[in-house]
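# Could you look at this predicted model? Sequence included:
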Amino acid sequence: MDQSLRELYQEVILDHSRHPRHFGALDNATHKADGYNPLCGDRVTIMLALDADGRVADIKFQGKGCAISQASASMMTEMLAGRTQAEAQKLMDGFLHLVKGEDAHDLSPDDREYLDVMSGLSEFPMRVKCATLAWHTFRNAVEEGKNAVDEGATDESAA
Amino acid sequence: MTAAAKITPAFDVEKVRADFPILSRQVYGKPLVYLDSGASAQKPRQVLDAMTRFAETDYANVHRGVHYLSAAATDAYEAARRTVQKFLHAAREDEIVFTKGGTEAINLVSYGFLAPRIQPGDEIVLSVMEHHSNIVPWHFLRERQGAVLKWVDVRDDGSLDIEALDAAIGPKTRLVAITHMSNVLGTVTPLREIVARAHAKNVPVLADGCQGAVHEIIDVQALDIDFYALTGHKIYGPTGIGALYAKRTHLKAMRPFNGGGEMIREVSQDIVTYADPPARFEAGTPPIIESVGLAVAMDYLMALDRAAVKAHEHDLLTYARERLRDFNWLRVIGDAPGKGAIISFEAEGMHAHDLATILDREGVAVRAGHHCAQPLMERFGVASTSRASFGLYNTRADADALVAGLSKAREILG
């Protein structure tokens, strides 16, 4: 068995994809965005509620996609709850570095450990967009005036 | 069942494989099993060598210079046109327009032929199994000129419902645009019958032959078809070139698409007059080296016993299809009688991209996604499928590798 495949599809990832956390609609959402990956047709909707301090009070997602995209969305919602937008941005930057095999120094040791199961993605560059779809959609949800992520669109900040 | 079984003595697949250098390479330390010829086919050494040889000995721009090489290149380019003519059994060489691919060929018909004839409410009939390249050019006419797209469904097995198609052709229909072979389902459409039904109502027919030209023997005169579009890179030739066959009367009536050099008769400050077809539709420097490659690819196919090639591909389809029946968690989409060697499927609990990633690590290249056929995905209620598409160089061993890879995927993801 190809070791890199085992690392990519390890039990934690498969568990998140089969039993995604925070899956469903969020009735009191203050921010919402749809994401779409035209390469595979995967869709994700991120709904979140920011509290008065700008923290993510609640977050949920819906959508269909591959194991990587579902697990990534599930893990993202687990991590983002309770964080400020600035903290979320830092986490996202670290995540993007991690999955691209770059130095993820911006991740705290705890976050790095939690996300370690995603580090195998760096061996699969064609699949990185599967993992980043939820994160980019989250970013667009919190940024006013943006409500649609399209992984096929030209977006220098997305890559 | 054994992988080595060879049922078509008229076709020696090992001899053919030896012509395709890339098939001997490995990926991730495993032999390449290339099952993505429907997206783009590999090229035989003969094609690659001919292009290099031409570029090294006879290359210059065409139809321009008076010098030796310009004449040699022009001869080669026009000879390539005659090869395409022969391949399609067209009556005249000037019914062949070189394009940069199948997409451009269809867009040329949309812009040059149909657009000037479209009034708001006029209809274009097409099937739900069209590739986006045979959908979006017609959407342009819907958006810009108020054309109406009339969609013809396929049956659950992926076959075309000819009666539904016939019923969709009405007094306002200006064109039937239909694939010759679905790139997702493998369904081969009955072009002769379609043309007969459409012509009975004075409606012209365009066939998207990007897959069909590879696997079927095309006789545009026997089909009496109006337009047939094909691309080079799926037919074991180079990228960057395709061709449109169109009846002479249509070509003469068509307005030019791109404007530039080569396509004019005369240009002044006040007016421009256009060259006769096919030059009228070949503005700018054409894909010259690629035309040589395309001709050699077609010659390569024509030198083979094409009925035997077809039998070989059919054997691969039947063999793979049978082996996949062992997987009750796998649903094949498209089982039309007489279909080509393309198998699309979805696997329970496994997304096409995860599956394709695992197969890839086993050396097996398949396509995953919507295959540029989103209306068809919608028709079958799937977001994406995995697709194994076979070419003349594939073997039963390749099908075995697919099956083994699927078992592994099930083991990891299931």
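Sure, I can see it. Numbers count the residues shown, from 1 in each chain, chains lettered A, B, ... in the order given.
# So what's the residue count around the nearest residue to A:G65 once chain neighbours are set aside?
Sequence neighbours aside, A:D42 is the residue nearest to A:G65 in space, at 3.5 Å (criterion: Cβ to Cβ, 6 or more residues apart in numbering or on different chains). In short, each C-beta sits where N, CA and C put it, glycine included. Counted with other Cβ atoms under 10 Å in any protein chain shown, residues neighbouring A:D42 total 27.
# State whether A:D42 and A:G63 are indeed in contact, as I suppose.
Yes - taking Cβ atoms under 8 Å as the definition, A:D42 is a contact partner of A:G63 at 7.0 Å.
# shared neighbours, these two?
Residues touching both A:D42 and A:G63 (Cβ atoms under 8 Å, 6 or more residues apart in numbering or on different chains) are A:S69.
# could you list every residue that touches B:T179?
Contacts of B:T179 (Cβ under 8 Å, 6+ apart): B:127, B:129-131, B:134, B:187, B:189, B:207-208, B:211-212.
# Check B:L223 too.
For B:L223, the contacting residues are B:191-192, B:195, B:207, taking Cβ under 8 Å, 6+ apart as the criterion.
# go again using 7 Å as the cut-off
Residues near B:L223 by Cβ atoms under 7 Å, 6 or more residues apart in numbering or on different chains: B:191-192, B:195.
# For those, give me TSV that also has secondary structure, distance to B:M181 and neighbour count.
Compiled in TSV, these are given as follows (DSSP: H, G, I helix; E, B strand; the rest coil; distance: Cβ to Cβ, whole Å; neighbours: other Cβ atoms under 10 Å in any protein chain shown):
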residue	secondary structure	distance to B:M181	neighbour count
B:L191	helix	10	24
B:R192	helix	14	13
B:V195	helix	16	22
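# Nearest residue to the residue in chain A that chain B sits nearest to in space, please, no chain neighbours.
Closest approach of chain A to chain B (Cβ to the nearest Cβ) occurs at A:C66, with a separation of 3.7 Å. Distance criterion Cβ to Cβ, 6+ apart; nearest residue to A:C66, sequence neighbours excluded, is B:H351 at 3.7 Å.
# Now do the phi/psi pair for that neighbour.
Summarising the backbone geometry of B:H351 under the convention degrees, to the nearest 10, its torsions are phi -80, psi 150.
# give the contact list for it.
Contacts here follow Cβ under 7 Å, 6+ apart; on that basis B:H351 touches A:65-67.
# Then A:Q62?
Counting by Cβ under 7 Å, 6+ apart, the residues that A:Q62 touches are A:23-25, A:45.
# ChimeraX command to pick out the buried ones of those residues?
A single ChimeraX command selects the buried members of the contacts of A:Q62 (16 or more other Cβ atoms under 10 Å in any protein chain shown):
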select /A:45
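# nearest to B:V148, of the contacts of B:L223?
B:V195 (21.8 Å; Cβ to Cβ).
# so the closest one touches B:F227, yeah?
No - here B:V195 does not reach B:F227: they are 10.7 Å apart, not a contact under Cβ atoms under 7 Å.
# By mean pLDDT, which helix or strand of chain A comes out lowest?
For chain A, scoring each helix and strand by mean pLDDT, DSSP states H and E identifies strand A:148-150 as the least confident one, at a mean of 54.
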